[in-house]
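J.: output the structure for:
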Amino acid sequence: MKKVVLIFAMMVFAAFAVNAQTETQQAPPPPPAPENPNAPVITFEKTVHDYGTVKFEGDGKCEFKFTNTGKEPLILTNVRSSCGCTVPSWPREPILPGQSDVIKVEYKTNRVGTINKTITVESNAKNKTEVLRISGQVVKDQEAVTPEKPKSIGER
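T.: Prediction:
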């Protein structure tokens, strides 16, 4: 009796396994929406900020200035960083065509080491996603002192 139940269970399992392998027809993806020629365009003055050498627990603030170079209002829908040590803040109100604003970024310099983080900016612009980058080096206080450049002969 146990063998009959075991064989029946194996046949049911095999039937489900074979049925799971059949392909189902999926609807084709919708065609892409036509591009809006008047859509906003977000244009950054710079996309990389190099802090250089920063002291431990020093100033980790910077700004990324941008302009709406399109013909409709620009709305930033989300600005997120690659880790919790980088905190962005951005304007929540629409940026009209021709106007500029800034995304403020604060990197928490409470860790010694290399800075290499990204900030992803999502918006209603033609270029829907832009990636900003911060880089640099956080050092202990005594390491942050840069020796004075030696003067060349003839300089005083």
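J.: OK, contacts around the closest residue to Asn124 other than its chain neighbours?
T.: Closest residue to Asn124 apart from its sequence neighbours, by C-beta to C-beta, 6 or more residues apart in numbering: Ile75 at 4.9 Å. To be clear about C-beta, it is placed using only N, CA and C from the backbone, and glycine gets the same treatment. Contact analysis of Ile75 by C-beta atoms under 8 Å, 6 or more residues apart in numbering lists 40, 94-95, 123-124.
J.: make TSV out of those residues and add distance to Lys2, neighbour count and secondary structure.
T.: Shown next, in TSV, are these (distance: C-beta to C-beta, whole Å; neighbours: other C-beta atoms under 10 Å; DSSP: H, G, I helix; E, B strand; the rest coil):
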residue	distance to Lys2	neighbour count	secondary structure
Pro40	71	23	coil
Pro94	72	14	coil
Ile95	74	21	strand
Ser123	65	22	strand
Asn124	65	17	coil
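J.: need those residues in TSV (columns: distance to Ile7 and pLDDT).
T.: Shown next, in TSV, are the contacts of Ile75 (distance: C-beta to C-beta, whole Å; pLDDT from 0 to 100):
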residue	distance to Ile7	pLDDT
Pro40	67	95
Pro94	69	96
Ile95	70	96
Ser123	62	95
Asn124	61	94
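J.: quick one: the residue nearest to Asn124 and Thr47, what's the gap?
T.: For Ile75, the distance to Thr47 (C-beta to C-beta, to the nearest Å) stands at 20 Å.
J.: name the SS class of the residue sitting nearest the centre point of the chain, please.
T.: Nearest to the mean C-alpha position of the chain, counting by C-alpha atoms, centre = their mean, stands Thr120 at 2.3 Å. On the three-state scheme (DSSP: H, G, I helix; E, B strand; the rest coil), Thr120 is labelled strand.
J.: what about the strands in this protein?
T.: Taking DSSP state E to define them, one finds strands in the chain at 42-44, 48-55, 61-68, 76-81, 86-89, 100-107, 113-123, 129-139.
J.: which of those strands sits closest to Pro31?
T.: Closest to Pro31 of the strands of the chain is strand 129-139 (C-beta to C-beta; 21.3 Å).
J.: name every strand pairing with the closest one and say which way it goes.
T.: The pairing partners recorded for strand 129-139 under DSSP bridges are strand 48-55 (parallel), strand 113-123 (antiparallel).
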